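Give me a 3D structure for the following:
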Amino acid sequence: MNVQKKIMTTFYHPLTATPFKKNSSYVEVMPAEQLRPYIRCFWGTMQPVKQKAKEKPPEIVIPDTCVDILYFIDYTDNAVSGGFCGVNDHSFYVSEGENKGHLAATFAIRFYAWSAYAFAEDSLKETLNGYFEVGERFEWLDRLVRPKLLELKSFQEKCSYVESLLMQKIQDTRKNEIVNYTINNLLLNKGVQEVSHLAKEAFVSGRQLERLFQEYVGITPKKLSNLIRYQFLWRDILCERDFHISNAVYKYGYTDQSHLLHEFKRYHTMDIRSARKMALQNVGNIQDIS
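Predicted coordinates for the structure are as follows:
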């Protein structure tokens, strides 16, 4: 488990389509050190804000190898709604809230796709690309969090409260050593490894490994491997000043440039140039990526 922690917190940080986005409607906060092997970040609105008529176009959400528990808090109606978003293997678009004039906020926990099961009470099987009631798999957490969200006004208050709950649970989290070991391998090799080799390394059959991944992650090892590779590629595209597709083809085991470009567009819905341009809008410093 110590090796897994080092990998997750030191060199694998999946990125969104707009990783530099930071404003009153979207902020990210890193969790306490002990939770970082499990949680990519807490995210949401800094303070409750009045919702306006839709002025902005929908925003793209790319596959980031994470899953989210998210809550929408309507302080005008004194109502809290929310859900659990399973891991996605394709992009989709989201719009802002529709209740014009309502004072509202968003609060969410972004887990790594393979670590949410540690706090779940049920299997993550058949959650791929799905949206579910939080209580279906995280009843204990939903029972404690949902009633407090109307009371806790600031984003930091929400983070501190939820963080304390997860810290209390951390000693009793569910674990599967085969899944953890295989994820460790996938990250170390940046998604460039055949499933048959992964299974052999874990001393299980390919079918058994797939069953375990469906149970604990909600996605097959092959699909997750491709998504991890895509995320490493996306980071290189944004962070390497001298990024060259030909080098990435070799580095990440693509068949050729056409294969890389096709797979990137399949996950991102746009070509590399357009994706980079959108991500780097209003960026002051490329080093801002954590």
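
For Arg273, see how far away Val217 is.
Going from Val217 to Arg273 by CB to CB, to the nearest Å gives 32 Å. To be clear about C-beta, it is placed using only N, CA and C from the backbone, and glycine gets the same treatment.

got a list of what Val249 touches?
255-257, 259-260 (CB atoms under 8 Å, 6 or more residues apart in numbering).

ditto for Leu15
Leu15 neighbours (CB under 8 Å, 6+ apart): 64, 231, 234-235, 238, 289.

same thing with Leu261?
Per CB under 8 Å, 6+ apart, neighbours of Leu261: 245, 271-272.

Run through the residues that contact the residue nearest to Lys22 when sequence neighbours are not counted.
Closest residue in space to Lys22, ignoring its immediate chain neighbours: Glu28 at 7.5 Å, by CB to CB, 6 or more residues apart in numbering. Counting by CB under 8 Å, 6+ apart, Glu28 makes contact with 22, 41-43.

before we move on, the earlier item: out of the contacts of Val249, grab the one that's most surrounded.
Within those, Leu260 tops the neighbour count with 21 neighbours, counted by other CB atoms under 10 Å.

That one is in contact with Asn247, isn't it?
No - between Leu260 and Asn247 there is no contact under CB atoms under 8 Å: 10.5 Å.

I'd guess His262 is in a helix, am I close?
Yes - secondary structure of His262 (DSSP: H, G, I helix; E, B strand; the rest coil): part of a helix.

how near is it to Val195?
For His262, the distance to Val195 - CB to CB - is 21 Å.

give me phi/psi at Leu70?
phi -130, psi 150 (degrees, to the nearest 10).

And what about Met46, helix, strand or coil?
Applying three-state DSSP: Met46 is coil.

ok, it touching Lys158?
No - with contact defined as CB under 8 Å, Met46 does not reach Lys158; the gap is 10.5 Å.

Not counting sequence-adjacent ones, nearest residue to Thr255?
Val249 (7.9 Å).

Got the phi and psi for the one you found?
phi -60, psi -50.

Can you show me the strands along the stretch 1-150 of the chain?
Assigned by DSSP state E, counting those that start in this stretch, the strands in the stretch 1-150 of the chain fall at 27-29, 39-44, 49-50, 59-61, 66-74, 79-85, 92-94, 103-112, 131-132.

so which of these gets nearest Lys223?
Judged by CB to CB, the one of the strands of the stretch 1-150 of the chain that comes nearest to Lys223 is strand 66-74, at 13.9 Å.

Put the alpha carbons of the closest one into CSV.
C-alpha atoms of strand 66-74 as CSV (Å, rounded to 0.1, in the frame of the first residue of the first chain):
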residue,chain,number,x,y,z
CYS,A,66,-12.0,9.5,-11.6
VAL,A,67,-15.5,9.2,-10.1
ASP,A,68,-17.4,11.8,-8.3
ILE,A,69,-19.9,12.2,-5.5
LEU,A,70,-21.5,15.5,-6.1
TYR,A,71,-24.1,17.6,-4.4
PHE,A,72,-26.1,20.6,-5.6
ILE,A,73,-27.3,22.7,-2.7
ASP,A,74,-30.2,25.1,-3.3
